[in-house]
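got a predicted model here, sequence first, then my questions.
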Amino acid sequence: MSRVGLNPVNIPDGVSLGLSGNKLTAKGKLGELSLKFVDEIEPSIVGDQLVVKIVNDTLNSRKLWGTFRSLAGNLVKGVHEGFTRVLDINGVGYRAAIQGQSLVLQLGYSHEINFLIPMGLTIDCPTQTEIRITGADKQLVGSVAAKIRSFRPPEKFKGKGVKYREELIVRKEGKKK
């Protein structure tokens, strides 16, 4: 029995859900997102809650039950509040800036890295060493943050590189004489 799948998704004010067959569409102040459920999972709207149920009690449907409930919850939260990931840049001469529709990163290479900002996301640089990624789609926000981090992941001796704000880098001791 899925503990996550048993919990209904509360629909906040300002969010409208549409259900046509197995396709769920959510509209809110931050945009519109949709999710297609598999045939083994059945979504239904009861009052101001979204309830996700399994059609047949099989092993595969029980595996997917909690997953699709979480995806539906992220869909509703995304169009209502949105998701944010914050990246910090550590290192001498490492910096980021927004130029038009691209993020320009200087991360110690011989060239600048120009990263095109995908549609549906907002990337902001309040300081030269901070990148704030905001959007309605949790998967897109996370994958873009991981892509930016992959340009220069933090190294374990000096801590230089791009890291998540909440990430803890365990530093290693250098050589001893």
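Everything's here; your move.

can we go C-alpha only for contacts and neighbour counts from here?
Fine.

strands of this structure, start to end?
Counting by DSSP state E, one finds strands in the chain at the ranges 9-10, 16-20, 23-28, 31-36, 41-46, 49-54, 83-90, 95-99, 102-106, 113-116, 121-124, 130-135, 161-164.

L64: which of those is closest?
For L64, the closest of the strands of the chain is strand 41-46, at 7.5 Å, according to Cα to Cα.

the closest one: which residues count as buried?
I41, E42, P43, S44, I45 (16 or more other Cα atoms under 10 Å).

stretch 164-177 now?
For stretch 164-177, burial by neighbour count (16+ other Cα under 10 Å) applies to Y164.

gap between the two ends of that stretch?
Distance between the two ends of stretch 164-177: 33 Å, counting by Cα to Cα, to the nearest Å.

contact partners of stretch 54-71?
Contacts with stretch 54-71, where a contact means Cα atoms under 8 Å, 6 or more residues apart in numbering, come from 1-6, 8-9, 35, 37, 39-42, 52-53.

give me the domain ranges for this structure.
With domains defined by automatic domain parsing, the chain comprises 3-80, 83-164.

those into CSV, with extra columns for mean pLDDT and distance to V170?
CSV is the format used below for these (pLDDT from 0 to 100; distance: least, Cα to Cα, whole Å):
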stretch, mean pLDDT, distance to V170
domain 3-80, 91, 31
domain 83-164, 94, 6
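
any chance of the ones you listed in JSON lines with distance to E173 as columns?
Output for those, formatted as JSON lines (distance: least, Cα to Cα, whole Å):
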{"stretch": "domain 3-80", "distance to E173": "41"}
{"stretch": "domain 83-164", "distance to E173": "7"}
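
run the chain-centre distance for the helix ranked longest in the chain.
Determined from DSSP state H, the single longest helix within the chain is helix 59-80. Distance of helix 59-80 from the chain centroid (Cα atoms, centre = their mean, to the nearest Å) equals 14 Å.

look up how far V104 lies from the residue nearest the centre of the chain.
By Cα atoms, centre = their mean, the chain has its centre lying nearest to K138, at 2.9 Å. Distance, K138 to V104, using Cα to Cα: 23 Å.
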